[in-house]
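> mind looking at a prediction? Sequence and model below.
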Amino acid sequence: MPRIYFDNAATTPIAPEVIDVMTEAMREKFGNPSSIHAEGRMARAAIEQARKEVAHYLGASIGEIFFTSGGTESNNMALKNAVRDLGVRRIISSPIEHHCVLHSMDTLERLGQVEVVYVRLDEKGRVDMAHLEALLQADAAKTMVSLMHSNNEVGTMINLEEVGALCRQYGALFHSDTVQTIGYFPIDVSRSPINFLSGAAHKFHGPKGVGFVYINGDNIIKPYLDGGSQERNMRGGTENIYGILGLAKALSLAYEKLESRRAQTTAVRDYLRRQLDANFDNLKYNGDPDNGHYKLLSVAFPPSPKAGLLLLNLDIAGISASGGSACSSGADAGSHVIAALDGNSDRRTIRFSFSHHNTKEEVDMVVGKLREILGA
């Protein structure tokens, strides 16, 4: 049986069209974009066309898109540069953010540069908007709100427009980690009051090691990585040309095919939920599966001797899923997201995450293997 890949929140397979664009760039666009000769100008023109495409799909100006190595760098850049260059002294966030955000805030707080406060969440991970407003009212210090658009482990989402409008009302900056939602939901920064957001190509069928940060033109910051004048003087270092072109191609495919991909992905996710409910008792779904990200289903299986090695046994059976964030998988310390939402749980959580490549036939095989493993 071919392996079944249900871990698309961790990373996605690169689309063949993206590979074609990247390999062509490796062959034909090898010049240094900072060089003034023909090869350099060709590379520079390709990067700027890619920037134009990304800006188009986000409703941004081309001068507001900067290519990075991925979501982690983009989020670090937004948080740390806002403190360094924009006078932010207080960050309001949540305990279920991605570790690149949580650890960045820990560093800033440890250095005495900011105060970090956490907004209340309900049992599904949804933000208590009344508490967020109270926190914004409580202190006149320059504040940034950092809340991810969709949680990477349980899929719970925020309303970007609602949170952004509240931040604007109280004069706070708004940063959102949108790594899981770029390419899956329409995002228009010309209509939403967002100061910073981030994207990573490998989450929407592009290459790893490349992403971007959107920085609203009203927020003037200095480079995060010092060096040459690359990325419009915002990020030193020779650009990852083929990665950037692959990102732009993957993003254009994602938005051109958004509705058909969404329909297929949602159908598979919903079918798995129905089949799990039909075959197993006492399941719990983490987060807000009825209103969360359509590509993700976080399932908490009841405690049992056989559930302890469930993830390993699925892998042995040829099924790739996750216990939570791939960024935490090297140390089996448990999920900080699940701990924050249901700290006393002794259930075993499996995160299944899908793409348009997945099928209901694969779901049937996964459910069958789960029945074998758990003795259902």
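The structure has been received and is ready for your questions.
> okay, residue 183: pLDDT?
On pLDDT, residue 183 comes in at 98.
> so it versus residue 132, what's the distance?
27 Å (CB to CB, to the nearest Å). Where you see a C-beta, it was placed from the backbone N, CA and C, and this is true even at glycine.
> over to residue 6?
For residue 6, the distance to residue 132 equals 33 Å [CB to CB].
> higher neighbour count, these two?
residue 6 (26 against 23; other CB atoms under 10 Å).
> pretty sure that one contacts residue 353?
Yes. The pair residue 6 / residue 353 is scored as a contact, 6.4 Å apart, by CB atoms under 8 Å.
> overlap in contacts, these two.
Common neighbours of residue 6 and residue 353, counting by CB atoms under 8 Å, 6 or more residues apart in numbering, are residue 321.
> burial measure for residue 124, as a count.
Counted with other CB under 10 Å, residues neighbouring residue 124 total 18.
> where does the closest residue to it other than its chain neighbours land on pLDDT?
In this structure, residue 124 finds its nearest non-sequential neighbour in residue 288, 4.2 Å apart by CB to CB, 6 or more residues apart in numbering. pLDDT, residue 288: 95.
> repeat for residue 111
The confidence metric pLDDT takes the value 96 at residue 111.
> avg pLDDT for the regular element (helix or strand) spanning residue 75?
Using DSSP states H and E, residue 75 maps to helix 71-86. On average, the pLDDT along helix 71-86 is 97.
> after it comes which helix or strand?
Counting by DSSP H and E, what follows helix 71-86 is strand 90-93.
> now for that next one, which elements pack on it?
Packing partners of strand 90-93 (3 or more CB pairs under 8 Å, 6 or more residues apart in numbering; DSSP states H and E): helix 99-110, strand 115-118, helix 129-138, strand 143-146.
> buried residues in that strand?
90, 91, 92, 93 (16 or more other CB atoms under 10 Å).
> wait, the residue nearest to residue 124 touches residue 123, no?
No. If you go by CB under 8 Å, residue 288 and residue 123 don't touch, sitting 9.5 Å apart.
> which of the two has more neighbours?
Between residue 288 and residue 123, residue 288 has the larger neighbour count (other CB under 10 Å), namely 18 against 10.
> residues in contact with that one?
Counting by CB under 8 Å, 6+ apart, residue 288 makes contact with 124, 125, 126, 154, 155, 156, 157.
> how about the contacts made by residue 173?
Counting by CB under 8 Å, 6+ apart, residue 173 touches 82, 86, 88, 142, 143, 144, 145, 167, 195, 196, 219.
> repeat for residue 139
Contact analysis of residue 139 by CB under 8 Å, 6+ apart lists residue 90.
> now do it, the pLDDT please.
Looking at residue 139, its pLDDT is 91.
> please apply the same query to residue 340.
For residue 340, pLDDT reads 89.
> quick check: it touching residue 96?
Yes. Contact between residue 340 and residue 96 holds when scored by CB under 8 Å: they sit 5.1 Å apart.
> so for the two, which residue has more residues nearby?
Between residue 340 and residue 96, counted using other CB under 10 Å, the more crowded position is residue 96 (24 against 15).
> a strand runs through that one, doesn't it?
No. In this structure, residue 96 is coil, not part of a strand, as judged by DSSP: H, G, I helix; E, B strand; the rest coil.
> any idea how far residue 360 is from residue 295?
Where residue 360 is concerned, residue 295 sits at a distance of 15 Å (CB to CB).
> show me the helices in the stretch 251-376 of the chain, by range?
Counting by DSSP state H, counting those that start in this stretch, one finds helices in the stretch 251-376 of the chain at the ranges 258-279, 310-316, 336-341, 360-374.
> deepest in the core, which of the ones you listed is it.
A comparison of those by mean neighbour count, using mean count of other CB atoms under 10 Å, puts helix 336-341 on top with a mean of 20.
> where does pLDDT dip in the chain?
Scanning the chain for pLDDT under 70 picks out 324-333, 344, 376.
> grab the most central residue of it for me.
In the chain, the residue lying closest to the centroid (CA atoms, centre = their mean) is residue 179, at 2.3 Å.
> count the residues that sit near the closest residue to that residue other than its chain neighbours.
Excluding the flanking residues, the one nearest residue 179 by CB to CB, 6+ apart is residue 71, at 3.9 Å. Around residue 71 there are 27 other residues, counting by other CB under 10 Å.
> can you verify my assumption that residue 71 contacts residue 200?
Yes. Contact status for residue 71 versus residue 200: in contact at 3.9 Å, counting by CB under 8 Å.
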